[in-house]
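Enquirer: This is the structure alone, sequence omitted:
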């Protein structure tokens with residue numbers, strides 16, 4: 001009768017080296033996200049790019065500067081060779097189940113931790129790199145082919161051209177913010193609040209979550225449905241506490257953030273005093289967005305963050321924000337029910353939408369655009385970005 005629990009425990013322990021967290025992901029490149037309604041986000045959880053992954057079982061912290069271990073391309077799901085049978089399972093079951101794997105897989109110097117999911121990530125990256133390199137090489141050959149052949153290979157050419165453009169650092173450095181010129185012109189040309197709404201929707205389609213977050217996700221009380229999800233957002237810092245705490249460390253951090261935003265505006269070509277004034281305005285708007293937001297602790301309550309509404313109910317919550325126009329702009333033909341994660345935030349956002357001047361909206365939206373695109377621009381933006 002004692003065998004079954006032991007076998008079950010052994011299976012769990014052996015599988016633990018498959019459950020290691022991968023390295024924290026970098027922010028997604030601008031435009032790499034699918035359209036807004038396809039991005040799944042859980043309002044009860046913090047965004048993955050804001051919280052460092054916890055260190056879990058089957059994973060080591062970096063203490064070894066040896067070379068990166070070779071990754072088996074086709075390892076068995078559970079390999080008994082990873083066990084350290086010299087250890088008594090009754091004394092240290094984790095070491096018994098994973099000891100040999102840990103010994104044979106030191107943390108590579110370029111990583112802070114290493115586990116089987118890191119191995120999986122690296123295998124996928126190697127495979128994607130090979131596909132992209134081949135696509136770029138094939139795309140270069142398409143110019144000499146006839147129209148029929150080029151049309152048949154158009155998808156390969158898209159992949160190849162996109163990858164090649166990202167690898168062309170000389171052109172990226174020379175271009176600076178030229179690729180965003182049309183986007184900045186759109187913002188500068190805004191004439192009224194309705195156009196501000198449409199521009200926010202346009203940025204959402206690009207993966208820039210200005211003002212608030214809108215996405216799609218599982219209806220947490222109906223597993224047969226995926227519904228719209230509206231969540232608090234629009235901040236450059238991780239959460240509301242960065243804007244509302246009064247301790248000296250928080251005040252210093254906010255000052256440094258304003259300096260950072262100022263620097264980004266100067267990189268756009270603004271004079272120092274103008275950039276500084278714009279940075280202060282960004283902080284003012286983001287603070288107004290942060291104040292009604294829920295804290296990290298409050299976001300842990302799934303019941304509190306589940307507030308399913310019809311489009312008509314959502315419109316009553318934000319009477320000055322035309323949701324019908326917004327849904328048209330983000331290509332949602334039939335919104336259906338929408339989960340509004342934090343209703344109090346959207347009530348406050350409605351007031352901010354009406355009270356903020358057109359020029360201040362332009363400043364805020366320019367900041368969101370450059371902040372979202374910085375990682376793909378020239379090195380001066382990349383190095384200033386965080």
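Expert: That came through fine. These numbers were taken from a predicted model, which means no experiment stands behind them. Numbers count the residues shown, from 1 in each chain.
Enquirer: ok, the spatially closest residue to residue 285 that is not a sequence neighbour - contacts?
Expert: Nearest non-adjacent residue to residue 285, counting by CB to CB, 6 or more residues apart in numbering: residue 364, 4.9 Å away. C-beta: built from backbone N, CA, C; applies to glycine. The neighbourhood of residue 364, defined by CB atoms under 8 Å, 6 or more residues apart in numbering, consists of 210, 281-282, 285-286, 356.
Enquirer: Redo these as CSV? Include secondary structure, neighbour count and distance to residue 154.
Expert: Output for the contacts of residue 364, formatted as CSV (DSSP: H, G, I helix; E, B strand; the rest coil; neighbours: other CB atoms under 10 Å; distance: CB to CB, whole Å):
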residue, secondary structure, neighbour count, distance to residue 154
210, coil, 24, 33
281, helix, 20, 44
282, helix, 24, 41
285, helix, 20, 42
286, helix, 23, 42
356, coil, 18, 43
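Enquirer: Among those residues, give me the pair with the biggest separation.
Expert: 210 and 281 (14.2 Å; CB to CB).
Enquirer: which residue ranges form the strands in this protein?
Expert: 59-61, 113-115, 212-219, 222-232, 308-309, 338-340 (DSSP state E).
Enquirer: Which elements pack onto the fifth one?
Expert: If I follow you right, that is strand 308-309. Packing contacts for strand 308-309, counted by 3 or more CB pairs under 8 Å, 6 or more residues apart in numbering; DSSP states H and E, involve strand 338-340.
Enquirer: List the strands paired with the strand it packs on, with their directions.
Expert: Counting by DSSP bridges, the strands paired with strand 338-340 are strand 222-232 (parallel), strand 308-309 (antiparallel).
Enquirer: Now do the buried residues in the first one.
Expert: By 16 or more other CB atoms under 10 Å, the buried positions in strand 222-232 come out as 227-232.
Enquirer: Redo those residues as JSON lines? Include distance to residue 110.
Expert: JSON lines is the format used below for the buried residues of strand 222-232 (distance: CB to CB, whole Å):
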{"residue": "227", "distance to residue 110": "41"}
{"residue": "228", "distance to residue 110": "40"}
{"residue": "229", "distance to residue 110": "36"}
{"residue": "230", "distance to residue 110": "39"}
{"residue": "231", "distance to residue 110": "34"}
{"residue": "232", "distance to residue 110": "36"}
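Enquirer: Output these as a markdown table; include the columns distance to residue 87 and pLDDT.
Expert: As requested, the buried residues of strand 222-232 are arranged in a markdown table below (distance: CB to CB, whole Å; pLDDT from 0 to 100):
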| residue | distance to residue 87 | pLDDT |
| --- | --- | --- |
| 227 | 50 | 97 |
| 228 | 52 | 97 |
| 229 | 47 | 98 |
| 230 | 52 | 98 |
| 231 | 47 | 98 |
| 232 | 48 | 98 |
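Enquirer: From the chain's centroid, how far away is the longest helix along the chain?
Expert: Counting by DSSP state H, the longest helix found in the chain is helix 116-141. Distance of helix 116-141 from the chain centroid (CA atoms, centre = their mean, to the nearest Å) equals 21 Å.
Enquirer: out of the contacts of residue 364, who's nearest residue 339?
Expert: residue 210 (20.2 Å).
Enquirer: about what we covered before: what would the strands paired with strand 338-340 look like in JSON lines with distance to residue 297?
Expert: Below are the strands paired with strand 338-340 laid out as JSON lines (distance: least, CB to CB, whole Å):
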{"stretch": "strand 222-232", "distance to residue 297": "14"}
{"stretch": "strand 308-309", "distance to residue 297": "23"}
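Enquirer: what about residue 326, distance to residue 200?
Expert: When distance is defined by CB to CB, to the nearest Å, residue 326 is 8 Å away from residue 200.
Enquirer: quick one, which of those two is more surrounded?
Expert: Comparing residue 326 with residue 200 by other CB atoms under 10 Å, the one with more neighbours is residue 200, at 25 against 19.
Enquirer: Below-threshold pLDDT in this structure: ranges please.
Expert: Residues of the chain meeting the criterion pLDDT under 70: 1-73, 140, 142-152.
Enquirer: Do you have the helices of the stretch 151-300 of the chain handy? List them.
Expert: 154-167, 169-175, 181-188, 193-205, 241-244, 248-267, 272-290 (DSSP state H, counting those that start in this stretch).
Enquirer: No more questions from me, cheers.
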